[in-house]
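Q: model this:
(chains A and B)
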Amino acid sequence: MRKNLVSAADLAREDALLILDTAEEMAALADRPIKKLPTLRGRTVVNLFFEDSTRTRTSFEVAEKRLSADVINFSAKGSSVSKGESLKDTALTLQAMGADAVVVRHSASGAPQRLAESDWLHGSVINAGDGTHEHPTQALLDAFTLRRHLNPGAGHDLAGRRVAIVGDILHSRVARSNVRLLHTLGAEVVLVAPPTLLPIGVEGWPCTVSYDLDAVLPKADAVMMLRVQRERMNAAFFPTEREYSRRYGLDGRRMAAMPEHAVVMHPGPMVRGMEITAEVADSPRCTVVEQVANGVSVRMAVLYLLLGGAQPAGAAPVPNQAGAAGTTAEENAQ
Amino acid sequence: MSGYLIKNASVLGGEPTDLRLADGLIAETGTGLTAGEGEREIDAAGLIALPGLVDLHTHLREPGREDAETVLTGTRAAAKGGFTAVHAMANTFPVADTAGVVEQVWRLGRESGYCDVRPVGAVTVGLEGKKLAELGAMADSAAGVRVFSDDGKCVDDAVIMRRALEYVKAFGGVVAQHAQEPRLTEGAQMNEGPVSGELGLRGWPAVAEEAIIARDVLLAAHVGSRLHVCHVSTAGSVEIVRWAKSKGWDVTAEVTPHHLLLTDELVRSYDPVYKVNPPLRSQADVLALREALADGTIDAVATDHAPHPAEDKDCEWAAAAMGMVGLETALSVVQHTMVDTGLMDWAQVADRMSARPAVIGRVAGQGRPIATGEPAHLVLLDPAHRAQVAPEAFATRSRNTPYRGMELPGRVVATFLRGEPTVLGGELVER
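A: Here you go, the predicted model:
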């Protein structure tokens, strides 16, 4: 495994399968009375969130705690970041505090790659979503969920499975990561969106594109609905929410056109009544809640593989500027 | 007798020639000249002699952003790059939209002594695109402004642009347009294409540049005025300029060295050193720009030297400032992309980097032929020299170069301004 997870493109097929197989083992842990492994004892993992995301942060936090890591949540709000501190200074601070891994969420595309490739930080960098670029652990948990439904078993991939990703592809980091990872795992991906919500150059991606949801559904093994923000309407990406729902929303009638085994996925948060109706969201074919549970297992697997075994537990580096860094640490820890 | 005798320089790449400089002029040219008493002899065997370079597009940052550059540091960088005149863009703080500010910049240039500084006046008050600045007052000032530009911002209002084009005819001015349709580029981060789609960075479509250029050449034709297009960056822009010239319209254009060499593939690093306005484009655009510069469709190379302090680039892409320094690498990049590729000879380099920009900017005494009786603005270049770009050695105050570590050909050995060296032996002459 590499040191960082910045893009789904970092993962070769074997890497991805190793993560999914490891995540299955982690999932088994959830059924035990004590849901904890000592693997990351004495290791410090910082959840560095420049953008609000309670769902993703909580998921990482649960994963980190189940692996016994020391967890620090460093959020932009209420910290020096909101006072104008740069990404660089924040990273240097975390480095001084001895972070073994930094889970970073940022509104700017490329910020995790900057951290990973700079000499500001020496620990692992895990991308928890950057701008409209990538969200690789989301793609891994989606692949994990898909495999459980469509081709269960250790070592299995998604060869030949057809996955439709529907909605605001242009602004979606989930779509970018999923296209890359699902392609790596052998799935056939079709993107479905109005032309305004597809990026220029999408024809070069390893997937196909359709403007017609109804034509795609009967052949899909899974349909992944993406959130569509209502504000997009104001920038003329589509005329009205009603028209969007009519053309690209998933309702009961459309769900009935899907093959019986096909599942409905959504990375959350859902906008009910926009891209998905309540009837579909609450149906047994919808894997939203399952995806959340799988997210913890997959993130445990990623942390385990990136960090576990690299250093013996308890050998984490001592902060080199104990005095100054100590104060900052207390200020910033929430 | 004082002055300099340059021995065996290859003038515009031609046969070795001796050049005697005295009293600010080229006093004598020929072969076998001998140095008089007190005259300093410079062995220029193997060196190319070009007329002093003229940059139509330089950001000197003073007044207001002296942390990035000053007129002094910027003109020292210009001299090291072989320039004897630069046009200082108007987007300073305060904006150069009054006679007072342009005269201040002009005076600072005179005091620096490293090259002539020609202030560019803003087209509109505060670069806001709403109200014409006092263009006549700037033209009549000691600075003698002839080039007007809101560079950094586009004069997007068609009526304001029309009026500016018309108004500057009264004093032989030119409007230099930064062609960027604002609505099509809201929040834009990089060239819109396959790379922007993959990287999730908001795209800056070529059409946002081309649509404005198309409108402006038609406006210039309609009112019979002169238009200069700043930093053309796309193949489509080249086609429009070519078409406008074929109509006989008075349209000129410039290209930056970085758009002749670099592409948006570099943005995959998310390193903001590659963030620039207009953005780096595709390889097809690069090749079209080279061809257009070679055939004269694009008149001039202009650096768009845009210094920024380290903190404005040492950050995430979206937060970073746009721009690259370029004065000290321009000639090397042009040699690398245009001369060493066989697209242009040294006479054409002199035309695109000195003669034509001087005509566009109405810079008296610059961009002249290397001949007896002409002002002694000269640069001596060693084309055989190759070295890695080392920003630490730059004279500019900033270090935001995209060429760090890249091996480039050519080294400016000497620059003469009015017969006096500003650079000698590759080093600045302290004055």
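Q: I'd like the next helix or strand past the host helix or strand of B:Val207.
A: Assigned by DSSP states H and E, B:Val207 belongs to helix B:206-223. Following helix B:206-223 in sequence order, the next helix or strand is strand B:227-229 (DSSP H and E).
Q: outside of that next one, which residues touch it?
A: Contacts with strand B:227-229, where a contact means C-beta atoms under 8 Å, 6 or more residues apart in numbering or on different chains, come from B:56, B:147, B:165, B:174-177, B:179, B:213, B:216-217, B:219-220, B:237, B:241, B:249-254, B:360. Just so you know, the C-beta spots here come from the backbone N, C-alpha and C atoms, and that holds for glycine as well.
Q: Please type out the PyMOL selection for whichever of those turn out to be buried.
A: Of the contacts of strand B:227-229, the buried ones go into a single PyMOL selection, burial set by 16 or more other C-beta atoms under 10 Å in any protein chain shown:
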select buried, chain B and resi 56+147+165+174+175+176+177+179+213+216+217+219+220+237+241+249+251+252+253+254+360
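Q: out of the contacts of strand B:227-229, which are inside helices?
A: B:Leu165, B:Ile213, B:Asp216, B:Val217, B:Leu219, B:Ala220, B:Ser237, B:Val241, B:Ile360 (DSSP state H).
Q: Pull the distance from the helix holding B:Val207 to the chain's centre.
A: 22 Å (C-alpha atoms, centre = their mean, to the nearest Å).
Q: coming back round to it: quick check, nearest of the ones in helices among the contacts of strand B:227-229 to A:Arg176?
A: The nearest member of those to A:Arg176, counting by C-beta to C-beta, is B:Ser237 at 30.0 Å.
Q: any idea how far chain A is from that closest one?
A: According to C-beta to the nearest C-beta, to the nearest Å, B:Ser237 and chain A sit 18 Å apart.
Q: For the stretch 151-300 of chain B, which residues are neighbours of chain A?
A: Those residues of the stretch 151-300 of chain B that sit near chain A, judged by C-beta under 8 Å from any C-beta of the partner chain, are B:189, B:192-203, B:205, B:269-271.
Q: just to revisit the earlier point, may I see the ones in helices among the contacts of strand B:227-229 arranged in TSV, with pLDDT as well?
A: TSV is the format used below for the ones in helices among the contacts of strand B:227-229 (pLDDT from 0 to 100):
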residue	pLDDT
B:Leu165	98
B:Ile213	98
B:Asp216	98
B:Val217	98
B:Leu219	98
B:Ala220	98
B:Ser237	98
B:Val241	98
B:Ile360	98
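Q: returning to what we had before: now the residues of the stretch 151-300 of chain B next to chain A: which count as buried?
A: B:189, B:192-203, B:205, B:270-271.
Q: May I ask which two of those residues are separated the most?
A: By the measure C-beta to C-beta, B:Pro205 and B:Asp271 form the most distant pair in those, at 22.6 Å.
Q: what's the domain layout of the chain?
A: Just so you know, I chose chain A. Listed by automatic domain parsing, the domain ranges of chain A are A:8-134+A:292-332, A:136-288.
Q: Can you look at chain B instead?
A: Split by automatic domain parsing, chain B gives B:4-48+B:373-428, B:49-360.
Q: out of the ones you listed, deepest packed?
A: Highest mean neighbour count of the domains of chain B: domain B:49-360, a mean of 22 (counted as mean count of other C-beta atoms under 10 Å in any protein chain shown).
Q: Tell me who's in contact with the residue most central in space within chain B.
A: Using C-alpha atoms, centre = their mean, the residue of chain B that lies closest to the mean C-alpha position is B:Ala302, 2.5 Å off. Listed by C-beta under 8 Å, 6+ apart, the contact set of B:Ala302 reads B:Asp55, B:Leu56, B:His57, B:Cys230, B:His231, B:Glu254, B:Val255, B:Thr256, B:Pro357.
Q: which non-adjacent residue is nearest the first one?
A: Using C-beta to C-beta, 6 or more residues apart in numbering or on different chains and skipping residues adjacent in sequence, the residue nearest B:Asp55 is B:Val86, 4.4 Å away.
Q: Which residues are in contact with the one you found?
A: By C-beta under 8 Å, 6+ apart, B:Val86 lies in contact with B:54-55, B:58, B:60, B:74-75, B:78, B:115-118, B:305, B:327.
Q: before we move on, what about B:Val301?
A: Residues counted as contacts of B:Val301 (C-beta under 8 Å, 6+ apart) are B:Glu254, B:Val255, B:Thr256, B:Pro257, B:Leu260, B:Leu293, B:Ala330, B:Val334, B:Arg352, B:Met353, B:Pro357.
Q: Name the SS class of the residue in the stretch 1-150 of chain B positioned nearest to chain A, please.
A: Minimum separation of the stretch 1-150 of chain B from chain A (C-beta to the nearest C-beta) falls at B:Asp67, amounting to 15.6 Å. Three-state call for B:Asp67 (DSSP: H, G, I helix; E, B strand; the rest coil): coil.
Q: any idea how far it is from B:Asp55?
A: B:Asp67 sits 22 Å away from B:Asp55, taking C-beta to C-beta, to the nearest Å as the criterion.
Q: how about the residues of the stretch 51-200 of chain A near chain B?
A: Residues of the stretch 51-200 of chain A lying near chain B by C-beta under 8 Å from any C-beta: A:86-88, A:106-111, A:113-114, A:117, A:130-134, A:173, A:176, A:199-200.
Q: Now, of the residues you listed, which are buried?
A: A:86-88, A:106-111, A:113-114, A:117, A:130-134, A:173, A:176, A:199-200.
Q: re the thing from before, among the contacts of B:Val301, which are located in helices?
A: Among the contacts of B:Val301, the members found in helices (DSSP H) are B:Pro257, B:Leu260, B:Leu293, B:Ala330, B:Val334, B:Pro357.
Q: from these, which single one is nearest A:Ala236?
A: Nearest to A:Ala236, judged by C-beta to C-beta, of these is B:Leu260 at 36.1 Å.
Q: Please enumerate the helices of the stretch 1-150 of chain A.
A: Per DSSP state H, counting those that start in this stretch, the stretch 1-150 of chain A carries helices over the ranges A:13-29, A:54-66, A:87-96, A:111-117, A:136-150.
Q: what about the residue nearest to the spatial centre of chain A, distance to chain B?
A: The residue lying closest to the centre of chain A (C-alpha atoms, centre = their mean) is A:Gln138, at 2.3 Å. Separation of A:Gln138 from chain B (C-beta to the nearest C-beta) stands at 14 Å.
Q: For A:Asn234, give me the pLDDT.
A: With respect to pLDDT, A:Asn234 has a value of 78.
Q: Among the buried ones among the residues of the stretch 151-300 of chain B next to chain A, which lie within helices?
A: If you go by DSSP H, those have B:Pro194, B:Val195, B:Ser196, B:Gly197, B:Glu198, B:Leu199 in helices.
Q: you'd agree the fourth one is up against A:Gly201?
A: Put plainly, it is B:Gly197. Yes: here B:Gly197 reaches A:Gly201: they are 3.9 Å apart, a contact under C-beta atoms under 8 Å.
Q: which residues touch residue 149?
A: Chain wasn't specified; assuming chain A. Here A:His149 is in contact with A:Ala222, A:His261, A:Val263, A:Thr287 (C-beta under 8 Å, 6+ apart).
Q: Chain B, not that one
A: Counted by C-beta under 8 Å, 6+ apart, B:Ser149 has contacts B:Met89, B:Ala90, B:Val120, B:Gly121, B:Ala122, B:Val123, B:Val175, B:Ala176, B:Gln177, B:His178, B:Cys230.
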